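Enquirer: Predicted coordinates and the sequence they were generated for:
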Amino acid sequence: MLKRPSPEAFWSDEAPRHGFKLIDRNLDEGKDWDRALRIGREVMETTVEKTGMQVGSDTSVLEIGCGIGRLVFALAERAKEVVGVDVSPWYIEQARQKNPYDHVRFEVIDGRGLSLQTPSTFDVVFSHCVFVFLDVEDIAQYARDAFRLLRPGGQFIFELESMPKTRLSPAASIVRRGLYAAGVKQWRNWPTDPRFRRRIHEFEPLVRRLLSVGFYFERIAEQAGHTWYVARKPAEEQSPRISPRLAASGSAEPATADAR
Ligand SMILES: C[S@@+](CC[C@H](N)C(=O)[O-])C[C@H]1O[C@@H](n2cnc3c(N)ncnc32)[C@H](O)[C@@H]1O
């Protein structure tokens with residue numbers, strides 16, 4: 001059987017080489033915590049405002065792919081409990097060293113789902129700048145796990161880059177691979193490693209996946225090149241709500257493409 005390529009291995013292997021720059025291109029390779037935390041607070045403020053994320057002093061929040069924890073720390077003052085999980089042991093180690101809070105914790109995961117064994121605990125499960133690197137099957141697995149971990153009525157909120165399709169360029173992909181083979185690790189400020197791949201996900205197949213897991217879909221929120229998907233686990237008395245347009249729209253096959 002063919003072994004599946006392991007994009008998550010890129011993050012666990014390469015995080016120390018690229019440092020904070022892989023978390024956000026506005027940061028550099030070093031550990032500029034002041035800048036990272038400031039940008040993290042700004043990102044989180046806009047996110048809460050745009051998505052309607054319900055976070056308050058009695059809520060528990062889980063972030064998938066938390067990196068160095070800049071968004072987890074931004075939520076720490078607002079929430080009762082915040083958990084950050086990530087595939088990179090190096091990022092998690094940075095976050096743990098920086099963590100001054102008792103109600104905040106960080107865990108390393110294998111990148112293929114959530115191993116936490118605490119069903120119906122979280123009010124919000126969210127992810128920022130992570131699902132763009134995942135294929136639709138891995139996103140669906142995270143959606144199933146989020147559903148299990150959310151309390152009834154809890155929110156599943158994630159962000160995807162909304163890139164124009166013109167960014168799909170086989171030529172750029174070939175250039176990157178050539179550079180990587182020649183030992184050049186960065187091009188145009190991005191890693192050339194073939195395991196570093198961004199993908200474009202189509203809206204409808206993704207939403208159909210969310211519905212098939214049991215979520216109902218609340219809305220999308222646009223934010224300068226980013227699209228937030230907001231879904232909710234039905235409260236006990238509700239059944240999943242399917243929008244008539246999506247229910248009527250044919251095949252459930254995902255349409256996902258690589259963006260290089
Ligand atoms: C661009 S960074 C964003 C970090 C954080 N969400 C933020 O906005 O500050 C992407 C993060 O996703 C993590 N990651 C990549 N693939 C993952 C996977 N399959 N499961 C969980 N985390 C993953 C990386 O290790 C990295 O920390």
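Expert: Alright, I've got the coordinates.
Enquirer: Leaving out the residues flanking it, which one is nearest to Phe10?
Expert: Arg195 (3.7 Å; CB to CB, 6 or more residues apart in numbering). Where C-beta positions appear, they are placed from N, C-alpha and C, glycine not excepted.
Enquirer: Tell me the secondary structure of that neighbour, please.
Expert: Of the three states, Arg195 takes coil under DSSP: H, G, I helix; E, B strand; the rest coil.
Enquirer: ok, is the longest strand belonging to the chain in contact with the ligand or not?
Expert: For the chain, the longest strand by residue count, based on DSSP state E, is strand 150-161. No. Strand 150-161 lies apart from the ligand when judged by CB under 6 Å from any ligand atom; the minimum separation is 8.5 Å.
Enquirer: In that strand, which residues are buried?
Expert: Leu150, Arg151, Gly154, Gln155, Phe156, Ile157, Phe158, Glu159, Leu160, Glu161 (16 or more other CB atoms under 10 Å).
Enquirer: Of these, which pair is most distant in space?
Expert: Put simply, by CB to CB the two of the buried residues of strand 150-161 set farthest apart are Arg151 and Glu161, 29.4 Å from each other.
Enquirer: returning to what we had before: tell me which of the buried residues of strand 150-161 is nearest to the ligand?
Expert: The nearest member of these to the ligand, counting by CB to the nearest ligand atom, is Glu159 at 8.5 Å.
Enquirer: quick one: the strand or helix carrying Arg38 to strand 150-161, angle?
Expert: Here Arg38 sits within helix 33-51, counting by DSSP states H and E. Interaxial angle, helix 33-51 versus strand 150-161 (axes from the mean of the first three to the mean of the last three CA atoms, to 10 degrees): 110 degrees.
Enquirer: Can you get me a residue count around Val85?
Expert: Val85 has 21 neighbours, counted by other CB atoms under 10 Å.
Enquirer: go on, the one 10 residues further on?
Expert: Counted with other CB under 10 Å, the neighbours of Ala95 add up to 22.
Enquirer: That one contacts Val72, doesn't it?
Expert: Yes. With contact defined as CB atoms under 8 Å, Ala95 reaches Val72; the gap is 7.1 Å.
Enquirer: Could you pull out the helices in the protein for me?
Expert: Shown for the chain, the helices assigned by DSSP state H span residues 7-18, 33-51, 70-76, 89-98, 136-149, 170-181, 203-213, 244-247.
Enquirer: right, and those helices - which one's nearest Glu222?
Expert: helix 33-51 (8.0 Å).
Enquirer: list the helices and strands that closest one packs on?
Expert: Packing partners of helix 33-51 (3 or more CB pairs under 8 Å, 6 or more residues apart in numbering; DSSP states H and E): helix 70-76, strand 150-161, strand 216-223, strand 226-232.
Enquirer: any idea which of the ones you listed scores lowest on pLDDT?
Expert: Among the helices and strands packed on helix 33-51, strand 216-223 has the lowest mean pLDDT, at a mean of 91.
Enquirer: Quickly run through the sheet partners of that strand, with directions.
Expert: Strand 216-223 sits in its sheet next to strand 226-232 (antiparallel), going by DSSP bridges.
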